[in-house]
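>>> Only the shape, not the letters, is given here:
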C-alpha cells in the first residue's frame, strides 16, 4: 500500500513537471488577445491581414518605435511583402483594431451595440488617417475605402461616395474604389452612373479584372485585355492592399443583418490627447485598455440614452 502511494506521488510530480515545461515553451494562444478589454476569438484573428496578425499577435507592438520607424530589431521584417503597411506607421494597430470592431459590428445583437462598434471602427481608422505623420504614406486610400465600404453597408451613400472620392484623390487608378462607387450608384438605382463609373475605372486601370467582372455583371461588353506590361507591379495586386479582403468578403453577407437605414456618419474627433514612446510598448499592444480613438475609458452603452465620448485618445501611441 505504501509503495503504491509513493508511485502515485512520483507520477504526480512528473506530471506537474511536464505541465510546467509545456507551459514554459508553448507560445501564448492567439485567443488571449484582447482589444478594448474584450477577448478576440480565433475566428476574428483568422480574418485579419498578415500585417495585423504580426503586430497584434506574433510580435505585439513591433511597429512601434522612435518617430515613424518600427523597433530597430524589426526593421527588416517590415520590408517583407505583406508587412510593408506598418513599416513607417506606428499608429497602424488602430487600423487592425478597426477590422476587429467591424466583425463585432456584424455580430452585434441590437442597434445600440452596432452603433458602439461602428463608432469604434470609424474612430480607429480616422485616428490613423489623422495622425500619420508621413502624408505620402502609400496606403491612405486603403483605409478610406474601408470606411466607405462600411458606410455603404449602413446605407449612408452620400458619405460613402465622399470617402471614395477622397480615396481616388490619393490613388486615381484604384480599381476597388471604382467598383465600390459603381455599387453605391447601383444601390441608389442609377444604373447609368454605375456603368459609367466602372468604365471610368477601367480606363484608369485597363487590366483590372475586378472592374471587368463588374461591367459584365451590368451587361456591358468589355474590350479584350491589353497586352501585358513587363514588370507590371500594380499595387492593387499587392498583399498589403488586399489586406482586408477576408473581412470584405463578409460585408455583403451581413448587409441585410446590419442596419440599412440612411444615416450620417457621427462626428468623431481625431486629435490625440497624449503621446507615449519607449520600451514596454510592445507588451501593451496585446491587451489595450478601454481608452481608444473613439473616447477615453469607454464602457459599452446599455440604454438608448447612453452616449459615447468622442475625443480621440491612444495612451501608448507614439
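Received the coordinates, thanks. Keep in mind that this is a model prediction, so the values were computed, not measured.
>>> Pull up the per-residue confidence for residue 314.
Here, the pLDDT recorded for residue 314 equals 63.
>>> Oops, could you answer that again for residue 123 instead?
The per-residue pLDDT reported for residue 123 equals 97.
>>> Determine the three-state secondary structure at it.
At residue 123, secondary structure determined by DSSP: H, G, I helix; E, B strand; the rest coil is helix.
>>> Can we start the residue count at 59 from this point?
Done: numbering now begins at 59, and the last item shifts to residue 181.
>>> So what's the residue count around it?
27 (other CB atoms under 10 Å). Quick note: C-beta positions are derived from backbone N, CA and C, even for glycine.
>>> shouldn't residue 152 be in contact with residue 183?
Yes: the pair residue 152 and residue 183 passes the contact test of CB atoms under 8 Å, sitting 7.1 Å apart.
>>> Looking at those two, which one has more neighbours?
Taking other CB under 10 Å, residue 152 and residue 183 do not tie; residue 183 has more neighbours (27 against 24).
>>> Might one say that that one is in contact with residue 204?
Yes: with contacts counted by CB under 8 Å, residue 183 reaches residue 204, the gap being 5.9 Å.
>>> Overlap in contacts, those two.
Common neighbours of residue 183 and residue 204 are listed as 153, 156 (criterion: CB atoms under 8 Å, 6 or more residues apart in numbering).
>>> got the buried residues for stretch 236-254?
For stretch 236-254, burial by neighbour count (16 or more other CB atoms under 10 Å) applies to 236, 237, 238, 239, 240, 241, 242, 243, 244, 252, 253.
>>> model confidence over it, on average?
In this model, stretch 236-254 has an average pLDDT of 98.
>>> And residue 93, its phi and psi?
Residue 93 has phi and psi values of phi -130, psi 130 when expressed as degrees, to the nearest 10.
>>> My guess is it contacts residue 157. True?
No: Residue 93 is not in contact with residue 157 according to CB under 8 Å; the separation is 9.8 Å.
>>> For the buried residues of stretch 236-254, give me TSV that also has secondary structure and distance to residue 265.
Listed next are those as TSV, based on DSSP: H, G, I helix; E, B strand; the rest coil; distance: CB to CB, whole Å:
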residue	secondary structure	distance to residue 265
236	helix	13
237	helix	14
238	helix	19
239	helix	19
240	helix	17
241	helix	20
242	helix	23
243	helix	23
244	helix	23
252	helix	21
253	helix	19
